[in-house]
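Trainee: Here is my input, please return the structure:
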Amino acid sequence: MENIEEIIKNLNLKFRNIDGEKLIIAITCDENKNVLMTAFMNEEALKETLKTGYMHYYSTSRKKLWRKGEESGNVQKLKEFYRDCDGDALLFIVEQKGVACHEGYYSCFHYKLKDGKLTISENYYK
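Mentor: Numbering: from 1, shown residues only. Purely as a prediction, here's the structure:
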């Protein structure tokens, strides 16, 4: 791979100032294009993702870089990478090992609004 810093520069990304950190939205999907999660990345998380081939994010609650699956083992192997038209969001296609959600669901988007109430549903992925 080319120089990672040069690649990031050429992406012309628009990191936003959120809670004093320069962050960008990361949307992560599996190989079937099911949305698994969204998170924030700082430049260091993006560099580590490109360098290692495994997803890294920035935790706004813990104020630190984290490798997806570092505790659970539910890692995300990078397969494809896209930038949106404005340069302010990234889309990653990954090979998901195990579940993506810390609540034990395949996707973080398992809450469905039905009849005005939130219900848990994984039917979206079936």
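
Trainee: switch to C-alpha atoms for all contacts and neighbour counts from now on
Mentor: Noted.

Trainee: which intervals of the chain have sub-threshold pLDDT?
Mentor: Along the chain, segments meeting pLDDT under 70 span 1-2, 124-126.

Trainee: could you redo the last one with a cut-off of 80?
Mentor: Low-confidence segments of the chain (pLDDT under 80): 1-2, 122-126.

Trainee: out of all of them, which helix in it is the longest?
Mentor: helix 43-52 (DSSP state H).

Trainee: what's that one packed up against?
Mentor: Packed against helix 43-52 by the contact rule (3 or more Cα pairs under 8 Å, 6 or more residues apart in numbering; DSSP states H and E) you find helix 4-11, strand 56-59, strand 64-67.

Trainee: List the contacts of the residue lying closest to residue 46 once chain neighbours are set aside.
Mentor: Of all residues beyond its chain neighbours, the one nearest residue 46 is residue 56 (6.8 Å), with distances taken as Cα to Cα, 6 or more residues apart in numbering. Residues in contact with residue 56 (Cα atoms under 8 Å, 6 or more residues apart in numbering) are 41, 45, 46, 48, 49, 65, 66, 67, 68.
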